[in-house]
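# Below: sequence and its predicted model.
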Amino acid sequence: MIDIVNTAEQPLIRVEKLTIRFGHQTVLKNIDLSVPDGQTLALIGESGCGKSVLIKTLVGLLDPVKGTVEFDGHNMHTLREKELAAVRQRFGFVFQNAALFDSMTVGQNVAFPLEQLGGFSRSEVREQVMERLHEVGLPKNVITKSPAELSGGMRKRVAVARALIVNPEVLLYDEPTTGLDPVMSDVINELIIRTRRRTPVTSIVVTHDMHTVRRVADRVVMLSPYPRLAAGQPQILFDGTPEQLDQTSDRRVRQFVNGEAGERLLELAGDTNS
């Protein structure tokens, strides 16, 4: 087993010179990022900039071409399989579009991480499932329903309940409000905030939703798609608070935050003329 070595001086998550490629396509290059214990970080940027790739790399689902990812002082990509499995138990992952198992009931979906761990009686598992469903504001009767019987917002809440059932130290949210109406999006935002208040947890939220950023984040990091960078430009365009985000002088960041097409309109004009 791995000893816990986290200290106040050492960030819980540290990424250094991280580079990820798929074939000849570079998605992330020379990313440096540290996340202290207890912080809620919003990771933003255009589609294809590598946000989801980055959080998958944090839990060892993808291996870097270059660089390191450390969690609690341990290099995620040099751990043995048993060690890596033990570290992953300290993470909760809310996947994009909830990613529930269609062949399972809601209760079975939420219970799945505990069933994988083993060592729990049937009554203990059920008690934990009911508690987590209550935490995310879902009624008892959903436990026997299938995911197909639920609304999009309810499925997202089930996904959060499933992530919470292992009492994770880190929660990773991949586009938690995508596809939801504004009211349900704010329900999910409030759930993220309440989860942080209820238990000491470090959160990384991948999102395009600027309302979510301003509601939940202590810190914002914005990535640029690597192919859009000039030679030598860093891929992290912004790293600061939500308040600083609104005051930035970087034109690329302002255009993203304000939803302005900017140079993309010129690209469309170029396609029309070609």
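That came through fine.
# burial count for the residue nearest to Val87 when sequence neighbours are not counted?
Distances taken as Cβ to Cβ, 6 or more residues apart in numbering place Phe71 nearest to Val87, at 5.9 Å, with adjacent residues excluded. Quick note: C-beta positions are derived from backbone N, CA and C, even for glycine. When neighbours are counted by other Cβ atoms under 10 Å, Phe71 registers 26.
# what are the ranges of the helices in the stretch 1-150 of the chain?
Using DSSP state H, counting those that start in this stretch, the helices of the stretch 1-150 of the chain run over residues 51-58, 81-88, 106-117, 122-135.
# Of those helices, which is nearest Ile31?
helix 51-58 (6.9 Å; Cβ to Cβ).
# measure stretch 55-68 end to end?
13 Å (Cα to Cα, to the nearest Å).
# One more: stretch 197-210?
For stretch 197-210, the first-to-last residue distance is 21 Å (Cα to Cα).
# same deal with stretch 218-237?
With Cα to Cα as the measure, stretch 218-237 spans 17 Å from end to end.
# mind starting the numbering at 58 from now?
Happy to do that; since the first residue is 58 now, the last one works out to stretch 275-294.
# Which positions in it come out as buried?
Using 16 or more other Cβ atoms under 10 Å as the test for burial, stretch 275-294 gives 276-281, 283, 292, 294.
# What is the nearest of these to Arg78?
Closest approach to Arg78 among the buried residues of stretch 275-294 (Cβ to Cβ): Tyr283, at 9.6 Å.
# Confirm for me that Gly124 is in contact with Thr76.
Yes. Gly124 sits in contact with Thr76 when judged by Cβ atoms under 8 Å, with a separation of 5.5 Å.
# Common neighbours of those two, please.
By Cβ atoms under 8 Å, 6 or more residues apart in numbering, Gly124 and Thr76 have these common neighbours: 87-88.
# Now do the same contact list for Glu127.
Contacts of Glu127 (Cβ under 8 Å, 6+ apart): 70-73, 133.
# Specify the beta-bridge partners of it.
On the basis of DSSP bridges, Glu127 is bridged to Arg71, Asn132.
# could you pull out the strands for this structure?
For the chain, applying DSSP state E gives strands covering 70-79, 82-92, 97-102, 123-128, 131-132, 148-151, 227-231, 259-263, 276-280, 293-297.
# got the contact list for the residue nearest to Phe150 when sequence neighbours are not counted?
Distances taken as Cβ to Cβ, 6+ apart put Leu229 closest to Phe150, at 4.9 Å, once the chain neighbours are dropped. Contacts for Leu229 (Cβ under 8 Å, 6+ apart) come out as 112, 115-116, 148-151, 260-261, 263.
# who wins for neighbours among the residues you listed?
Going by other Cβ under 10 Å, Val151 tops the contacts of Leu229 with 27 neighbours.
# For that residue, which residues are in contact?
Applying Cβ under 8 Å, 6+ apart, we find Val151 in contact with 213, 216-217, 220, 228-231, 233.
# so which pair among those residues is furthest apart in space?
Using Cβ to Cβ, the pair of the contacts of Val151 lying farthest apart is Lys213 and Leu229, separated by 14.1 Å.
# sorry, back to before: Asp307 is nearest to which of the helices of the stretch 58-207 of the chain?
Closest among the helices of the stretch 58-207 of the chain, using Cβ to Cβ: helix 108-115, at 17.8 Å.
# Run through who's touching the closest one.
So helix 108-115 is contacted by 70, 72, 75, 77, 84-85, 88, 100-102, 119-121, 126, 128, 133, 148, 150, 153, 229, 231-232, 261, 263, 280 (Cβ under 8 Å, 6+ apart).
# Filter the contacts of Val151 down to just the buried residues.
For these, a burial check counting by 16+ other Cβ under 10 Å picks out 213, 216-217, 220, 228-231, 233.
# With pLDDT as added columns, please give these in TSV.
TSV is the format used below for those (pLDDT from 0 to 100):
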residue	pLDDT
Lys213	89
Ala216	91
Val217	90
Ala220	91
Leu228	94
Leu229	94
Tyr230	94
Asp231	91
Pro233	89
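# Return the closest of the residues you listed with respect to Gln173.
Checking the buried ones among the contacts of Val151 against Gln173 with Cβ to Cβ, the nearest one is Ala220 at 13.3 Å.
# Name the nearest residue to the closest one, ignoring sequence neighbours.
Sequence neighbours aside, Gly149 is the residue nearest to Ala220 in space, at 3.3 Å (criterion: Cβ to Cβ, 6+ apart).
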